[in-house]
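Engineer: Starting from these lines, generate the structure:
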Amino acid sequence: MTEASVPILMYHAIDTDPSEATRELSVTPDDFAAQLALIGDLGLTPVTTAGLAARWRTGRPLPARPVLITFDDGYEGVHRHALPVLAKHGFAATLFVSTGWIRGPYDTGAGLDTMLDWDQVRELAAADVEIGGHSHTHPQLDQLDDDRLRHELIHCKEIVTDELGTVPASFAYPYGYSSRRVRQAVRETGYGQALAVGNGLARRHQGPYALRRVTVRRSTGIEEFERLVQGRAIARNFARDRALTKGYALVRRARQVRRKAIRSRV
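Structural biologist: Okay, the predicted model is just below:
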């Protein structure tokens, strides 16, 4: 039997006029509404990150034609524009928040656009949007030493728990970057599953801490979006992204080696 594959959609800002920093990875409210309408027309079943992972962990069957709708960082447009569309269709979704970017007592001021505040995050949670962790300050986690890595994971988890009264079960790696050490730390922090990027379909054999997502951006037309949610031509759509990612991965690994060498001499 062929292993089931699931498209996990990665959104960021949903906004008509986003900041320059978020524009490329943003989606207009009209495009978002059209994309979710297509999900409904195709008969797909949106599930949460925790819901998918639980079914794969226990062996329970997946719903018919599952798809995940996820949002990273915590942009205000998720509440203003995305929530009404999700509610209209009755679709599940997951929001991964960088707690240091959310407006309120822990705000570092580093958010890339207008961000959610904690009241809005609570309203999303009350509307059955799963709230997951996305670190505190949105760093490249695999570039941090062990102490800073654990602080990013634990502080994020504690803030979400304090603000919402529930412990976040899912995590998404900032920039999609992880390593064996990072994934182990995420597991030890108590997250049950974590999402990367990879621009490929999610499959059970990837393991609960390295599930792949596909990027939805401002340039994603409705025909391309239909191919993404149907799992067609994924490799061709993201060929350029993968080439750039491989090249940058070599640079980042070289930086890690240099840092380790410097630390060993101290």
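Engineer: Excluding chain neighbours, what is closest to Ser5?
Structural biologist: In space, and not counting its chain neighbours, Ser5 is closest to Leu201: 3.9 Å by Cβ to Cβ, 6 or more residues apart in numbering. Yep, even glycine has a C-beta here, placed from its N, CA and C like the rest.
Engineer: ok, the one you found touching Leu211?
Structural biologist: No. Using Cβ atoms under 8 Å, Leu201 is not in contact with Leu211, being 9.6 Å away.
Engineer: Mutual contacts of the two, please.
Structural biologist: Listed as contacting both Leu201 and Leu211 by Cβ atoms under 8 Å, 6 or more residues apart in numbering are Ile8.
Engineer: Of those two, which one has the most company?
Structural biologist: Neighbours were counted for Leu201 and for Leu211 using other Cβ atoms under 10 Å; Leu211 has more, 26 against 19.
Engineer: pLDDT wise, what is that one at?
Structural biologist: Here, the pLDDT recorded for Leu211 equals 98.
Engineer: so it touches Ala196, yeah?
Structural biologist: Yes. Between Leu211 and Ala196 there is a contact at 6.7 Å, judged by Cβ under 8 Å.
Engineer: which one's the longest strand in the protein?
Structural biologist: strand 66-73 (DSSP state E).
Engineer: State the distance from Val214 to Ser135.
Structural biologist: 21 Å (Cβ to Cβ, to the nearest Å).
Engineer: that older thread, for the residue nearest to Ser5, what are its contacts?
Structural biologist: Neighbours of Leu201 in contact, by Cβ under 8 Å, 6+ apart: 5-8, 212, 214, 231, 234.
Engineer: Mind checking which of these land in strands?
Structural biologist: Using DSSP E, the contacts of Leu201 in strands are 5-6, 8, 212, 214.
Engineer: Adding neighbour count and distance to Phe91, write these out as CSV.
Structural biologist: Shown next, in CSV, are the ones in strands among the contacts of Leu201 (neighbours: other Cβ atoms under 10 Å; distance: Cβ to Cβ, whole Å):
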residue, neighbour count, distance to Phe91
Ser5, 14, 20
Val6, 20, 15
Ile8, 25, 14
Arg212, 21, 21
Val214, 25, 17
